[in-house]
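> Okay, here's the prediction I keep looking at, along with the sequence it came from:
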Amino acid sequence: MWWLELRVGMEHKVKEIREEAEKYAVNTIEELEAFRISFLGSKGKVKALFTDLKNVDQSQKREAGQLINGLREFVQEKFDAFKDRVENKSKTAKKLDLSRPGDQIEIGTRHPLSLVRSEIIEIFSRIGFTVSEGPEIEDDWHNFSALNFPAEHPARDMQDTFFIEKGKTPKDEIALRTHTSSVQVRMMENSQPPLRTISPGRVYRNEAISARAHCFFHQVEGLYIDKNVSFADLKQTLLYFAKEMFGENAQIRLRPSYFPFTEPSAEVDVSCTICNSKGCNVCKYTGWLEILGCGMVDPNVLEASNIDSKTFSGFAFGMGVERIAQLKYKVNDLRLYSENDVRFLRQFTSGM
Ligand code: PHE
């Protein structure tokens, strides 16, 4: 009864292989492949049993065949389950894991000039100034003539102004605006007093670029026109601004100056916030820092924009945003503001 032994032997083998497959653990694709080769491959354990089946007696073949088939199905199911697990695992590894903390998005910071510009606007808006803007490419009228610049005034000279189009006469010339007073002319042309507006914007001057000068910079100019506007109103407005910008202890002083569009005109210094007016290298040991130009609007300027200079008077002032930012942030080199070096730009926050 050799065939019976064979069959018993086969039953035993089937059981053994089944137990082995049951204990098998598969975690990786490599292990899955090893399992397949070992059990289901052409030289694998199940295949070997089928080869052995040839030696089983005809009368037992059917039964033995069913046994081996059962084993093959069992191993195949095991393989499929392993495969499912391993594949899912690698898929989920690649899939979005919603429980992970998000990737850091680097948030930009506001440019120091934008911060200062906003702060200036905010300070003046609290006392009723609106914001007005105009073109950077200006005609002679708005940049010069309407502002009482005589035709031969040196500020019209090529040295200061970037001309875009030469005209037959100076009056036909087109240039990059040299100040935002041009916007104030546009405001006066388009509306009657009372007028209370500030004009922030970029301006251009033909200067060699250095730590102290640039061919473009930013201004905020202010204009207030109404009945009975006096120099005292101007002074008080600027003192208010200085205190809001530089702190309650800030003082201002006015020095006589000249601008074609204001009469009288003054330059305004603020007490040095860096040394508390004791004298330092920033204020050049004077205790004062120059921050803006101002004056009472020249009647000629009002008339040029069809505002009755007998009924109305007004004041105007203009400051450089870079200048205020330099004082506020103690930055000495003007060029830093337009180089866009993020190491510089990242240092400024709006929470100041
Ligand atoms: N427009 C002047 C400048 O650019 C500043 C200024 C404005 C002076 C208004 C007086 C009055 O320098």
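Looks like it arrived, so ask away.
> dump the residue contacts of the residue of the stretch 1-150 of the chain found nearest the ligand.
Closest residue of the stretch 1-150 of the chain to the ligand, C-beta to the nearest ligand atom: residue 147 (8.0 Å). C-beta: built from backbone N, CA, C; applies to glycine. If you count contacts by C-beta atoms under 8 Å, 6 or more residues apart in numbering, residue 147 has them with 181, 182, 185, 260, 261, 301, 304.
> Would you mind giving both backbone torsions of the first one?
Which is residue 181. Backbone torsions for residue 181, taken as degrees, to the nearest 10, come to phi -60, psi -30.
> my guess is it contacts residue 261, does it?
Yes. The criterion here is C-beta atoms under 8 Å, and residue 181 meets it with residue 261 at 6.3 Å.
> Which one's more surrounded, those two?
Taking neighbours as other C-beta atoms under 10 Å, residue 181 and residue 261 compare with residue 181 leading, 26 against 23.
> From residue 145, how far off is residue 312?
Here residue 312 is placed at a distance of 20 Å from residue 145 (C-beta to C-beta, to the nearest Å).
> Then residue 282?
From residue 282 to residue 145 the distance is 38 Å (C-beta to C-beta).
> out of these two, which sits in the more crowded spot?
Each of residue 282 and residue 145 has its neighbours counted (other C-beta under 10 Å); residue 145 has more, 18 against 15.
> measure the closest residue to the more buried one other than its chain neighbours to residue 76 for me?
Ranked by C-beta to C-beta, 6 or more residues apart in numbering and with sequence neighbours excluded, the top spatial neighbour of residue 145 is residue 171, at 6.1 Å. Residue 171 sits 96 Å away from residue 76 when distances are taken as C-beta to C-beta.
> again with residue 163
According to C-beta to C-beta, residue 163 and residue 76 sit 87 Å apart.
> same deal with residue 317?
As for residue 317, its distance to residue 76 is 89 Å (criterion: C-beta to C-beta).
> Tell me which of the two has more neighbours.
Legend: neighbour count by other C-beta under 10 Å for residue 317 and residue 76, higher for residue 317 (22 against 14).
> residues in contact with the more buried one?
Contact analysis of residue 317 by C-beta under 8 Å, 6+ apart lists 221, 222, 234, 237, 238, 268, 292, 293, 294, 295.
> The fifth one: what's it in contact with?
This means residue 238. Counting by C-beta under 8 Å, 6+ apart, residue 238 makes contact with 252, 268, 292, 294, 317.
> Cross the residues you listed against strands and list the overlap.
Cross-referencing the contacts of residue 238 against strands under DSSP state E gives 252, 268, 292, 294, 317.
> Closest to residue 323 out of these?
Among these, residue 292 lies closest to residue 323 (C-beta to C-beta), at 8.0 Å.
> host element of the closest residue to that closest one other than its chain neighbours?
Once flanking residues are discounted, residue 292 sits nearest to residue 319: 3.7 Å by C-beta to C-beta, 6+ apart. Using DSSP states H and E, residue 319 sits within strand 313-320.
> residue in the chain nearest to the ligand?
Per C-beta to the nearest ligand atom, residue 318 is where the chain lies closest to the ligand, at 2.8 Å.
> Is the residue nearest the centre of the chain part of a helix or strand, or is it coil?
By C-alpha atoms, centre = their mean, the chain has its centre lying nearest to residue 108, at 4.1 Å. Look at residue 108: counting by DSSP: H, G, I helix; E, B strand; the rest coil, its state is coil.
> tell me the contacts of it?
Under the criterion of C-beta under 8 Å, 6+ apart, residue 108 has no contact partners.
> I'd like the distance between it and residue 129.
Residue 108 sits 29 Å away from residue 129, going by C-beta to C-beta.
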